[in-house]
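>>> Attaching a predicted model along with its sequence, questions to come.
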Amino acid sequence: MFLLAVAVGSVWVPLPDTLRVLGGADPSDPRWSVVITQVRLPRAATAALAGAALGVAGLQMQTLFGNPLADPYSLGVSAGASLGVALVVTGAGGSAGAFTAGALGTGRVGVVAAGALGAAVVLAAVLLLARWVRSIVTLLVIGVLVGAAVFSFIGLLLTWTAPQRAIQYWTWQLGSYSGVSPGDLVVLAPAVGLGLTVGIASMKPLNALLLGENYARTLGVRVRRLRSVTLLGASLLAGSVTAFCGPVSFLGIAVPHLARRLLDTADHRALLPGCALAGAVVSLFCSIVTQMPGTDLTLPVNIVTSLIGAPIVIAVLLRASSAVARTV
């Protein structure tokens, strides 16, 4: 799938030439080298990293909350990143936005920095609440409410801003893998790697959590510490992807269910790498579709991920309902 993502686009690059460029050799046409190294290779790498990150983060959140519809953005990380970007985009519309735009800039770097900063602020607030709130369900509800309130405030900001600025924000909201440069990958890849490392370290405690917090405590799991570490890892994965690509929807919900279906297990020792691999494959496929191969058209990532992810989630819900009906 990675090779296809590099070879397929508005113009098809022959697979032998693709392999030559990836191997450091010269292709038959010098143009292929520029197309692959400067455009398609960063895009494919971004898609693979984003899919792996959101798949693992979704699995962590669904296990932590015991909710099959939980996703990496359930605690408002996406809302925080969106608020940061909205303040930069609408910088001329208010004092807070003007300060943010002046400090971070209004270009690509400013948008990425604002998204990361907004996600970090929300993450800090969630981790603080996690120390006080005993019920994980209450924490989930608080996160959803905070996200709704933040998005309402963003809507208010956009109402007062110029139409072209609002369009810039909504374009970011639709998601894209194409804007990530090789320099951006130097930051994105280590951030995703660190988040995945946190996920790997928590596989066994998450297995114990599947049978409930009380059972996990009897096995010696420090549930509050596990909760904080899991929230930190999932938010790092989701926040880094959102900062560079925008809030990519549905992958975090759909990929864990797809991995469970394919592997037929709830063991995180198999599911976590399975979610990383399945997430990368699905995300790369979505990246190929967004390029509308053979045409000059490009679709936003979220349109494709929603079309693919929504049927998976609906199928999971229908299957769960049928299982309950048979039990009754």
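Ah, there it is.
>>> I'd like the distance from residue 236 to residue 225, if you could.
Distance, residue 236 to residue 225, by CB to CB, to the nearest Å: 16 Å. Glycine gets a C-beta too; all of them are placed from N, C-alpha and C.
>>> who's more crowded, those two?
Neighbour comparison, residue 236 and residue 225: the larger count goes to residue 236, with 24 against 11 (by other CB atoms under 10 Å).
>>> so the more buried one, which of the three states?
On the three-state scheme (DSSP: H, G, I helix; E, B strand; the rest coil), residue 236 is labelled helix.
>>> Skip the chain neighbours and tell me the closest residue to it.
Distance criterion CB to CB, 6 or more residues apart in numbering; nearest residue to residue 236, sequence neighbours excluded, is residue 195 at 4.2 Å.
>>> hang on, that neighbour packs against residue 53?
Yes: the pair residue 195 / residue 53 is scored as a contact, 6.2 Å apart, by CB atoms under 8 Å.
>>> helices or strands up against the helix or strand harbouring residue 318?
If you go by DSSP states H and E, residue 318 is part of helix 301-327. On a contact count with 3 or more CB pairs under 8 Å, 6 or more residues apart in numbering; DSSP states H and E, helix 301-327 meets helix 251-263, helix 268-290.
>>> Direction-wise, compare that helix with helix 268-290 and give the angle.
130 degrees (axes from the mean of the first three to the mean of the last three CA atoms, to 10 degrees).
>>> could you check the angle helix 251-263 makes with helix 301-327?
50 degrees.
>>> mean confidence score for helix 301-327?
Confidence over helix 301-327 (mean pLDDT, whole number) is 75.
>>> ok, back up a step: any chance of CSV for the helices and strands packed on helix 301-327, columns mean pLDDT and distance to residue 42?
Formatted as CSV, the helices and strands packed on helix 301-327 follow (pLDDT from 0 to 100; distance: least, CB to CB, whole Å):
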stretch, mean pLDDT, distance to residue 42
helix 251-263, 90, 19
helix 268-290, 94, 11
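>>> would you turn the ones you listed into TSV with distance to residue 60?
Shown next, in TSV, are the helices and strands packed on helix 301-327 (distance: least, CB to CB, whole Å):
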stretch	distance to residue 60
helix 251-263	9
helix 268-290	8
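>>> Could you export those as JSON lines, including mean neighbour count and distance to residue 6?
Shown next, in JSON lines, are the helices and strands packed on helix 301-327 (neighbours: other CB atoms under 10 Å; distance: least, CB to CB, whole Å):
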{"stretch": "helix 251-263", "mean neighbour count": "24", "distance to residue 6": "20"}
{"stretch": "helix 268-290", "mean neighbour count": "23", "distance to residue 6": "10"}
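>>> Which one, of the ones you listed, ends up nearest to residue 124?
Between residue 124 and the helices and strands packed on helix 301-327, the shortest gap by CB to CB is with helix 251-263, which sits at 20.8 Å.
>>> centre of the chain versus the closest one, how much separation?
14 Å (CA atoms, centre = their mean, to the nearest Å).
>>> which residues touch that helix?
50-51, 54-55, 57-59, 61-62, 68-73, 238, 266, 270-271, 274-275, 278-279, 282-283, 305, 308-309, 312-313, 316 (CB atoms under 8 Å, 6 or more residues apart in numbering).
>>> Narrow those to just the buried residues.
50-51, 54-55, 57-59, 61-62, 70-73, 238, 271, 274-275, 278-279, 282-283, 305, 308-309, 312-313, 316 (16 or more other CB atoms under 10 Å).
>>> what's the nearest residue in space to residue 253 that is not next to it in sequence in contact with, if anything?
Counting by CB to CB, 6+ apart, the nearest residue to residue 253 once its immediate chain neighbours are dropped is residue 71, at 4.5 Å. Neighbouring residues of residue 71 by CB under 8 Å, 6+ apart: 57-58, 61-62, 252-253.
>>> ok, now with 10 Å
Going by CB atoms under 10 Å, 6 or more residues apart in numbering, residue 71 touches 54, 57-58, 61-62, 65, 78, 234, 238, 249-256, 309, 313.
>>> can you check residue 66 too?
136-137, 140, 209-210, 212-213.
>>> Now the two most distant members of these.
So, the contacts of residue 66 by CB to CB: farthest apart are 140 and 210, at 17.0 Å.
>>> And those two? Which one has more around it.
Higher neighbour count among residue 140 and residue 210: residue 140, with 19 against 13, using other CB under 10 Å.
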